[in-house]
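**Q** pasted the sequence and its predicted model underneath.
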Amino acid sequence: MTDARRGHADVAWVDIPRRGSWWAVCIGWGLLQPVILALCVFWGGVAGVSVTWTLLPRLLGIRPGVGGLAVGFLAGLTVGLTINHKARMWVQRARLHRLRKRGSKATARVAAVDRRYRSTRGSSSTSYVVRLQWIDPETGTGYRCRRWYRFSGKGSTAFEQACSTGAEVTVWFPPGWASRAVVDLPFTPVMADVLF
């Protein structure tokens, strides 16, 4: 058994705190998402109008019009929502790809999982706070951190099985910089936890 599984008292545990940069990313990402959405809707409308105003009249000989505006807006809205939804996963995949080549790997134990279900008018979400601890194989220092995961609806059974208390997960981090650890799971935490 590894020390992380046994939880030996002789390991010097270091708690990885939330920094101001973590909160800045949360606020920045929250402000950036509506901008991305607005730009996608705008350029979708521009593309829709340009198709019905210039392209279709040239190709089909029909009268120019703005009928494609609504279709363009809808396409832009779809693209914007997709970008906002998938961006965390894309960033996490890029970080994991880089860390698998040049980073350090450790096996972390899930020390605890806090589940919070919220229901508001018309929507609901489930948040998980996963508390992890692992030992850096190079230095022997033990680290403890928290990662936030959010799902729409009543949560994810697969996530709850993968991150149950006592489960082992792989973490990757830049050598000597354990506070930047990325949990190697097919689930993506909130954007600030992906970046920091």
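**A** Thanks, I have it. Please read these numbers as outputs of a predicted model, since none were measured by experiment.
**Q** next helix or strand past the helix or strand containing Ala94?
**A** Per DSSP states H and E, Ala94 falls inside helix 68-102. Moving toward the C-terminus from helix 68-102, the next helix or strand (DSSP H and E) is strand 104-120.
**Q** which other helices and strands contact that next one?
**A** Judged by 3 or more CB pairs under 8 Å, 6 or more residues apart in numbering; DSSP states H and E, strand 104-120 is in contact with helix 3-6, strand 123-135, strand 168-173. To be clear about C-beta, it is placed using only N, CA and C from the backbone, and glycine gets the same treatment.
**Q** out of those, nearest to Ser104?
**A** Closest to Ser104 of the helices and strands packed on strand 104-120 is strand 168-173 (CB to CB; 5.6 Å).
**Q** what residues of the closest one count as buried?
**A** With burial defined by 16 or more other CB atoms under 10 Å, the residues of strand 168-173 counted as buried are 169, 171-173.
**Q** centre of the chain to the helix holding Ala94, how far?
**A** Offset of helix 68-102 from its chain centre (CA atoms, centre = their mean, to the nearest Å): 11 Å.
**Q** give the buried residues for that helix.
**A** 68-69, 71-73, 75-77, 79-80, 84, 87-88, 92, 95-96, 99.
**Q** can you state the direction angle for that helix and strand 104-120?
**A** Orientation check (axes from the mean of the first three to the mean of the last three CA atoms, to 10 degrees): helix 68-102 against strand 104-120 gives 150 degrees.
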